[in-house]
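In: sequence unavailable; structure follows:
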């Protein structure tokens, strides 16, 4: 299937056109004939019988660029002056910045924000460390931590090359949930050093979002940090995915009338996300899960048991009790739900016939799913993918911004399993039952109701479970001046 | 000396006043009689014969607050509803935030800033790590790193309590030099762990500003990081102070006609700043320096030589060749310049008579100098302090923003001694010789010419010395799309 032109491969073409009727139309027609989609058209300069215009075009890939460029060059009266890669251009200088909340223009500003006034704030925090959540950025800042070992589909590309992704993640936190986030890309892949580094920098942060750390190190790193820190630690590749899969599943069950407890699930891809999804399904009561990694269906009598990582052994011991063996398509046999978190086209569409009636397929490999939705459609009732150009996109951005927003709002000390389940339910419930359909089981990433729903569900659950820090008096009353004598007779909080 | 009312102890008083002529004047008079300075006055609410107003007042200290509050309460027809500490109030939620450089509102935005488009940026950096300086925040982000062991005059207060200061420092970087800065407060004080942590997080940063790390660990930490990282590492407490002291001295020498090489310097306080200043003076050619720490004048035959830290031994070996001994005032004997980086009033003003004619006193202890300027004035020609309420404030903010701005602009891999000297000269030269006077040897911290002068002097020196990274093509041309075929016939950089 040829790729659709997309913004990720868009160009800005700077073209100098003779100023005569039909000229622009001719150029745009040539671009269209080359298969590109045209976006914004701006005038850059008008001079002596010429117009200079910037034309934004979406292309399929880099090879496509040359066809588009040749097309423009072939138009008489048009001269291609320059072309720029829009994606690279918006990355120049990075995508995020530091912002001061107010300017420092006078000596008074300095005396309050810095010395000598700041000393009083420092002393207040020294007396009660929890006040750091009130008087510093700690209350709203999350670290996005990666060692660059499992970045997107690119794999182990190192910390510098991972930084654009972590900046992007920080942008998503800010845009969707007003959570301040800072990328921390680590020049080490040793779990001990990762844990030590994150612990060392933790005083500045109210939460830690682990990202794109390869399996199985990610499990150890997360478990140790959760244990040793008193702020939420969340490996998004695991739990963000699990939460959104669960949300999609909850709605899919409403449509198909199936029950979680009776569900038979086949899963291909047992990396960080696959294991986290399995854990959440098992906790949700799913009875039968059969998983497949690159060595085939996993069970306790598989040949490689001796060398198997403890996590895989845990998997084998808790799934596939009938010890079925075989390749990826074997997981489909009698399954109600197929979950793919592996690679492109590992399933032939015909094999979906082995699933039950009203089957559900969540094929989340990116950019190419385990089976293409249009090919799966004849065999199953519901298809979801990780892609934005098909219905039912399972995208972590539905989960992590709201989860951290809720955790920070509540002063949560951790993100519990129940908080994740609350998040999944909240996402699912954003879609009214009356609007649910096979093509609409999960809200759009741009549905702004999602983050509020998730945040308040997560915060409520944290408070219910009591996993929140002992917060002092509310901010307003605490900021009230404490003189050495009695407070004023009738204190009223400033509005 | 009673303290002057200052913004660092300012209150906002919320007062409910009967709506009758003279009421506001009466309240303000009462506040004034209590010794407070009145700032902004705002109307909050008008209702049924009453005005609610917020009145900002500067006080001397916390004890003074109670006098002011009592004064307001004593006015008939006025009711004090609430009062808030303005310094604490502006710290609520922290002083800095993360800002996205553009919004993420559409699928196209996501496709370019995040997946799938970002993958192309990651790949470009993976191929050439230096591109991280172009396409990520690394090119303009500095870490402000502290372990919270030597914060202001507060000492060892720990990482959380140090955070408001480091946020303030980050604000100064942004406000004065448009350098993005992020506070890193470390939950460790072990030099090995500090070095390991900073190295681990270095991929995100273009420079490291060490701050408020106690001596002598700060020297080891800085030396190792400078050695092991390929980005500038700068301990501001040392070098920022040394640069500004040198700048003040260069101008003081112009006034007094003394020469650096012939200068006799007495110094009290041999912490990080004192040692750095001494080093810079020695490199500048100063022949005679006599230093005094808490055990008295330092020399190679002092009783505690056996237990002396190697840095102090270095000091003893390079100063006080006549092996003079005694207490702080002994350094004044025959000295042209006194430098104090120690504590309040360690020098009796009468002792300044032991200095040469046209003597200079830089008494930088904060908030109370080694000797008060008005008391020193009869004995010496020039007095500088660290305070903003006297002339000649020696303040690091004159140095560090411009030094990092210049280093980042040039792509410097380190900050050399020559770059620091260039910065000192640039600060000094901001004041035209015609304007130099005993009360104006150093520019104001709000003189916006300083940062540009320092940045360009530092960048020029970095380029001259060749301590700059191999930068690829200029940003504009590099962002130009690279198709797999030939570039366009006549590439013209986008303006």
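Out: Sure thing, it's come through. What you see is a predicted model; the values in this text were computed from it and never measured.
In: rest of the way, CA atoms for contacts and neighbours
Out: OK.
In: if I look at the nearest residue to residue A:250 once chain neighbours are set aside, how far off is residue A:443?
Out: Excluding its sequence neighbours, the residue lying closest to residue A:250 (CA to CA, 6 or more residues apart in numbering or on different chains) is residue A:428, at 6.5 Å. Separation of residue A:428 from residue A:443 (CA to CA, to the nearest Å) stands at 8 Å.
In: quick one: which of the two has more around it?
Out: Of the pair residue A:428 and residue A:443, residue A:428 is the one with more neighbours under other CA atoms under 10 Å in any protein chain shown, namely 27 against 24.
In: would you mind measuring from the more buried one to residue A:398?
Out: Distance check for residue A:428 against residue A:398: by CA to CA, it reads 10 Å.
In: kindly report the same for residue A:377.
Out: 25 Å.
In: neighbour-wise, which of these two wins?
Out: Just comparing residue A:377 and residue A:398: by other CA under 10 Å the higher neighbour count belongs to residue A:398, 29 against 15.
In: in three-state terms, label the residue lying closest to that one once chain neighbours are set aside for me.
Out: Computed as CA to CA, 6+ apart, the closest residue to residue A:398 that is not its neighbour in sequence is residue A:445, at 5.8 Å. On the three-state scheme (DSSP: H, G, I helix; E, B strand; the rest coil), residue A:445 is labelled coil.
In: count the neighbours of residue A:445 for me.
Out: As a burial measure, the neighbour count of residue A:445 was computed by other CA under 10 Å and equals 20.
In: so it touches residue A:397, yeah?
Out: Yes. Under the criterion of CA atoms under 8 Å, residue A:445 is in contact with residue A:397, at a separation of 6.5 Å.
In: circling back: wait, what's in contact with the residue nearest to residue A:398?
Out: Contact partners of residue A:445, counting by CA atoms under 8 Å, 6 or more residues apart in numbering or on different chains, are A:395, A:397-398.
In: do you know the pLDDT at it?
Out: pLDDT for residue A:445: 95.
In: what of residue A:127?
Out: As predicted, residue A:127 sits at a pLDDT of 96.
In: ok, now which ones touch it?
Out: Residues near residue A:127 by CA under 8 Å, 6+ apart: none.
In: how about 10 Å then?
Out: The neighbours of residue A:127, taking CA atoms under 10 Å, 6 or more residues apart in numbering or on different chains as the test, are A:121, B:157, B:161.
In: in ChimeraX, how would I select the buried members of those?
Out: For anyone working in ChimeraX, the buried entries among the contacts of residue A:127, judged by 16 or more other CA atoms under 10 Å in any protein chain shown, can be selected with:
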select /A:121 /B:157,161
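In: looking at the contacts of residue A:127, spot the one nearest residue B:8.
Out: Set against residue B:8, the nearest of the contacts of residue A:127 by CA to CA is residue A:121 (10.6 Å).
In: wait, that closest one touches residue A:136, no?
Out: Yes. Here residue A:121 reaches residue A:136: they are 9.3 Å apart, a contact under CA atoms under 10 Å.
In: need the pLDDT of residue A:470.
Out: We note a pLDDT of 75 for residue A:470 in this prediction.
In: confirm that it sits in a helix.
Out: No. The secondary structure assignment for residue A:470 gives coil rather than a helix, going by three-state DSSP.
In: do I have it right that it meets residue A:133?
Out: No. Under the criterion of CA under 10 Å, residue A:470 makes no contact with residue A:133, lying 11.1 Å away.
In: how close does the closest residue to chain B within the stretch 101-250 of chain A get to residue B:235?
Out: Nearest residue of the stretch 101-250 of chain A to chain B, counting by CA to the nearest CA: residue A:136, 3.7 Å away. Shown here: residue A:136 relative to residue B:235, a distance of 23 Å by CA to CA.
In: so between the two, which is more surrounded?
Out: When neighbours are counted by other CA under 10 Å, residue A:136 comes out ahead of the other of residue A:136 and residue B:235, with 29 against 26.
In: pretty sure that one contacts residue A:118?
Out: No. The pair residue A:136 / residue A:118 is not scored as a contact, 11.1 Å apart, by CA under 10 Å.
In: so what sits against both of those two?
Out: Taking CA under 10 Å, 6+ apart as the contact criterion, the residues that touch both residue A:136 and residue A:118 are B:91, B:162-165.
In: and which of these is nearest residue A:255?
Out: residue B:91 (50.3 Å).
In: quick one: contacts for the nearest residue to that closest one once chain neighbours are set aside?
Out: On the basis of CA to CA, 6+ apart, the spatially nearest residue to residue B:91 that is not a chain neighbour turns out to be residue A:135, at 5.0 Å. For residue A:135, the contact set (CA under 10 Å, 6+ apart) comprises A:121-122, A:124-125, A:475, A:479, B:88-95, B:161, B:163-164.
In: show me what from the stretch 201-350 of chain A comes close to chain B.
Out: The interface of the stretch 201-350 of chain A toward chain B, taken as CA under 10 Å from any CA of the partner chain, is made up of A:201-205.
In: rounded mean pLDDT for the longest strand seen in chain A, please.
Out: Among the segments of chain A that qualify as a strand by DSSP state E, the longest is strand A:6-18. Looking at strand A:6-18 alone, the average pLDDT works out to 95.
In: anything in that strand near chain B?
Out: Yes. Against chain B, strand A:6-18 shows contacts by CA under 10 Å from any CA at A:6-12, A:14.
In: closest to chain B among the residues you listed?
Out: Checking the residues of strand A:6-18 next to chain B against chain B with CA to the nearest CA, the nearest one is residue A:8 at 4.2 Å.
In: returning to what we had before: so what sits against both of residue A:428 and residue A:443?
Out: Common neighbours of residue A:428 and residue A:443 (CA under 10 Å, 6+ apart) are A:247-248, A:436, A:450.
In: and the two most separated of those?
Out: When CA to CA is used, the two most widely separated members of the shared contacts of residue A:428 and residue A:443 are A:436 and A:450, lying 15.5 Å apart.
In: for the closest residue to residue A:256 other than its chain neighbours, the count of nearby residues, please.
Out: Residue nearest to residue A:256 in three dimensions, not counting chain neighbours: residue A:358, with 6.2 Å by CA to CA, 6+ apart. Look at residue A:358: counted by other CA under 10 Å, it has 17 neighbours.
In: residue A:358 belongs to a strand, doesn't it?
Out: No. Residue A:358: not assigned to a strand; according to three-state DSSP it is coil.
In: who touches it in this structure?
Out: With contacts defined as CA under 10 Å, 6+ apart, residue A:358 is in contact with A:252-253, A:255-258, A:336-337, A:379-382.
In: repeat that for residue A:469.
Out: Contacts for residue A:469 were tallied using CA under 10 Å, 6+ apart; they are A:130, A:230-231, A:410-414, A:463.
In: most neighbours among those, which one?
Out: Top of the contacts of residue A:469 by neighbour count (other CA under 10 Å): residue A:412, with 27 neighbours.
In: bridging residues for it?
Out: Using DSSP bridges, the bridge partners assigned to residue A:412 are residue A:468.
In: need the overlap of contacts for residue A:445 and residue A:397.
Out: When contacts are counted by CA under 10 Å, 6+ apart, residue A:445 and residue A:397 have A:176, A:451 as shared neighbours.
In: on the three-state scheme, residue A:197 is what?
Out: Taken by three-state DSSP, the conformation at residue A:197 corresponds to helix.
In: show me the contacts for the residue lying closest to it once chain neighbours are set aside.
Out: Nearest in space to residue A:197, with sequence neighbours left out and distances taken as CA to CA, 6+ apart, is residue B:197 at 5.2 Å. For residue B:197, the contact set (CA under 10 Å, 6+ apart) comprises A:186-188, A:193-194, A:196-201, B:186, B:188, B:191.
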